[in-house]
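A.B. asks: here's my sequence, what's the structure:
(one chain, ligands or ions: 3)
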Amino acid sequence: MPSLGRLHLVTDTRPGRDPLAVVRAALGVAGSELVVQVRVEDSATDREAYDLTCRILDLCRPVGATCLVNDRLHVALAAGAAGGHVGADDLPVDAARQVLGPDAVLGATAREPVAAARAVAAGAGYLGVGPCHATTTKDGLPAPIGPDGIRAVADAVPVPVIAIGGVTAATVPALRAAGAYGVAVVGALSTAADPARATAELLGALRW
Ligand SMILES: Cc1ncc(COP(=O)(O)OP(=O)(O)O)c(N)n1
Ligand SMILES: Cc1nc(C(=O)O)sc1CCOP(=O)(O)O
Ligand SMILES: [Mg+2]
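C.D. replies: Ligands and ions are numbered 1, 2, ... in the order given. Below you'll find the predicted structure:
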């Protein structure tokens, strides 16, 4: 299995956004280094999630980029994505592993070391850890954990830690120094005036 990419683009499907244009721009710069996580609003239908995933897979496949699906593992399987990501309101990690099979990429959200170790024992291959910083993209999150919170989890588990929540190119170095393997972003790419340039800046920060 190829190693996990360090830059995860999580799609922004809120009204007025153009997730396909952002994915296209990011893939043009990052190619196979990019992981695209298809994340749709809870109000989206499965058909909408499936159609978006298929369109994103059509963009990812030619450049060898990885496509994952958030929450809806049946959509991941039906579309032929590489795997999925689950959190506290989704299938438990062991059940998600059963659904996806042993070879799929499976990420789980964990905000502190004990939950992180449990998720890994249950079959998670990477962890999404946050929120690192304040974010306007998702409501109802606990207080930001900052680089220290990332370090606490990264020190406790043997799998890649992907830092999420308010991540920008400027905040990447401190997160990497704290042990993050990579980062997941929504707004840093979806609201960028030039998503290709923003991708290059994030990749540059991740290479340090
Ligand atoms: C890389 C990554 N980390 C965390 C999350 C959040 O997942 P979850 O807690 O299930 O919340 P939703 O994204 O489903 O609202 C993620 N998607 N990706
Ligand atoms: C979807 C999501 N999950 C988070 C978590 O901490 O679990 S933070 C988040 C939103 C990340 O968006 P942005 O990069 O715009 O801050
Ligand atoms: Mg979820």
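A.B. asks: which bits of the protein sit near ligand 2?
C.D. replies: With C-beta under 6 Å from any ligand atom as the criterion, the chain comes near ligand 2 at residues 10, 109, 130-131, 135, 137-138, 141, 164-167, 185-188. (Each C-beta comes from the backbone N, C-alpha and C, glycine too.)
A.B. asks: residue contacts, V129?
C.D. replies: V129 makes contact with 109-111, 116, 145, 149-150, 153-154, 161-164, 180, according to C-beta atoms under 8 Å, 6 or more residues apart in numbering.
A.B. asks: from the residues you listed, which is closest to L20?
C.D. replies: Closest to L20 out of the contacts of V129 is I164 (21.5 Å), distances taken as C-beta to C-beta.
A.B. asks: now do stretch 85-92: distance from first to last residue.
C.D. replies: Start to finish, the residues bounding stretch 85-92 are 11 Å apart (C-alpha to C-alpha, to the nearest Å).
A.B. asks: buried stuff in it?
C.D. replies: Residues of stretch 85-92 classed as buried by neighbour count (16 or more other C-beta atoms under 10 Å): 85-87, 90-91.
A.B. asks: check stretch 10-22 too.
C.D. replies: 10-13, 19, 22.
A.B. asks: what bits of this structure have low per-residue confidence?
C.D. replies: Along the chain, segments meeting pLDDT under 70 span 1-2.
A.B. asks: what does it put close to ligand 1?
C.D. replies: Proximity of the chain to ligand 1 is confined to 8, 10, 37, 39, 70-71, 85-88, 90, 107, 109, 128, 138, 162, 164, 184 under the rule C-beta under 6 Å from any ligand atom.
A.B. asks: show me what whichever strand or helix holds D51 packs onto, helices and strands only.
C.D. replies: According to DSSP states H and E, D51 maps onto helix 46-60. In terms of contacts (3 or more C-beta pairs under 8 Å, 6 or more residues apart in numbering; DSSP states H and E), helix 46-60 is packed against helix 19-30, strand 34-38, strand 66-70, helix 73-79.
A.B. asks: in the chain, which spans are strands?
C.D. replies: Along the chain, the stretches classed as strands by DSSP state E are 7-10, 34-38, 66-70, 83-86, 105-109, 126-129, 161-164, 182-185.
A.B. asks: now the angle from the second one to helix 19-30?
C.D. replies: Interaxial angle, strand 34-38 versus helix 19-30 (axes from the mean of the first three to the mean of the last three C-alpha atoms, to 10 degrees): 170 degrees.
A.B. asks: thank you kindly, that will do.
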